[in-house]
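Visitor: I'd like to go over a predicted model; first the sequence, then the structure.
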Amino acid sequence: MIRRNIRLRKDYLYQKSQELKERSAQDKRIKMQHALDNDKAVPTELRKERDAVAHDLELADKNTMVARSHIDDEYEEAKYRNPKVLITTSRSPSQRLTTFQKELKLIIPNATRVNRGGYVLKDLVKIC
């Protein structure tokens, strides 16, 4: 449990640092775009990295222009399509577990029920 908490904390800090880097890159792209739109000189803080920011600005579209938070990645497309849910059991489920699985499929919208059987995790991912 302690190792898991340490790993989760490290992962959170790494994602947060990546988010800060992306946010600073976004600020640079916005400043450069604003300067180009208004026919002004490149800001002094961007002169050394003007070529790199200009290249990033060329590649940017409406999705990459805005910095995203790492917290909401899981639910990003929830407004466009319903999430798919896979309901599975252990390798040799009891009758009660199979009944519970069937009931869950009825309760959860857009759910698919698969008997685990001899599938390994890679096969289940392909099925998903």
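Guide: All right, it came through fine. Numbers count the residues shown, from 1 in each chain.
Visitor: Which element, helix or strand, includes Lys21?
Guide: According to DSSP states H and E, Lys21 maps onto helix 2-37.
Visitor: Check which helices and strands that helix sits against.
Guide: The contact analysis (3 or more C-beta pairs under 8 Å, 6 or more residues apart in numbering; DSSP states H and E) places helix 2-37 against helix 50-59, helix 62-65. Placement of C-beta: from N, CA and C, glycine included.
Visitor: tell me which residues in that helix are buried?
Guide: When burial is assessed from 16 or more other C-beta atoms under 10 Å, helix 2-37 yields the following buried residues: 22, 25-26, 28-29, 32.
Visitor: if we can go back for a sec, just name the most buried of the helices and strands packed on helix 2-37.
Guide: Most buried of the helices and strands packed on helix 2-37 by mean neighbour count (mean count of other C-beta atoms under 10 Å) is helix 50-59; its value is a mean of 13.
Visitor: related to what we said a few turns ago, let me know the closest of the buried residues of helix 2-37 to Leu121.
Guide: For those, the residue nearest Leu121 by C-beta to C-beta is Glu22; the value is 31.2 Å.
Visitor: What pLDDT is listed against that closest one?
Guide: The confidence metric pLDDT takes the value 84 at Glu22.
Visitor: What of the one 10 residues further on?
Guide: Met32 carries a pLDDT value of 83.
Visitor: one step back: and the helices and strands packed on helix 2-37 as CSV, adding mean pLDDT and distance to Arg4?
Guide: Shown next, in CSV, are those (pLDDT from 0 to 100; distance: least, C-beta to C-beta, whole Å):
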stretch, mean pLDDT, distance to Arg4
helix 50-59, 79, 36
helix 62-65, 64, 33
